[in-house]
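Engineer: Got a predicted model here, sequence first, then my questions.
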Amino acid sequence: MTDHTERCLNCERASAQVPLIRLKYAEREHWICAQCFPLLIHKPERLSAVAGAWTQNQVDHHAHDE
């Protein structure tokens, strides 16, 4: 494990300081802490590492129901 890559993508705290959750987006791996996770859910456009076209588009929640 390399501590310099395992940091929250928002607050940049390391796994030695807070528990981190791994996430993968656009073939890249990122980490986010539990305290910053609500930001990912409610305001993803504020997170430059994951902000992109998906943050601006509506999600069709019923697309997988068929």
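Structural biologist: Received, thanks. From a predicted model like this one, the values you see are computed outputs, not experimental measurements. Residues are numbered from 1 along each chain as shown.

Engineer: wait, A49 sits on L9?
Structural biologist: Yes: because the distance of 4.3 Å satisfies Cβ atoms under 8 Å, A49 is recorded as touching L9. C-betas here are computed from N, CA, C, even on glycine.

Engineer: of the two, who's got more company?
Structural biologist: Relative neighbour count places L9 above the other of A49 and L9, with 19 against 16, counting by other Cβ atoms under 10 Å.

Engineer: Contact partners for the more buried one?
Structural biologist: Taking Cβ atoms under 8 Å, 6 or more residues apart in numbering as the criterion, L9 is in contact with 30-32, 36, 47, 49-50.

Engineer: Go again with 6 Å.
Structural biologist: 30, 32, 49 (Cβ atoms under 6 Å, 6 or more residues apart in numbering).

Engineer: Which strand residues bridge the second one?
Structural biologist: Each beta-bridge partner of I32 is listed here, defined by DSSP bridges: I21.

Engineer: Report pLDDT for it.
Structural biologist: In the predicted model, I32 carries a pLDDT score of 94.

Engineer: Surely it is in contact with R7?
Structural biologist: No: using Cβ atoms under 6 Å as the test, I32 is too far from R7 to be in contact (9.6 Å).

Engineer: okay, these two: which has more neighbours?
Structural biologist: Counted by other Cβ under 10 Å, I32 and R7 do not tie: I32 has more neighbours, with 23 against 20.

Engineer: Identify the contacts common to A49 and L9.
Structural biologist: When contacts are counted by Cβ under 6 Å, 6+ apart, A49 and L9 are jointly contacted by H30.
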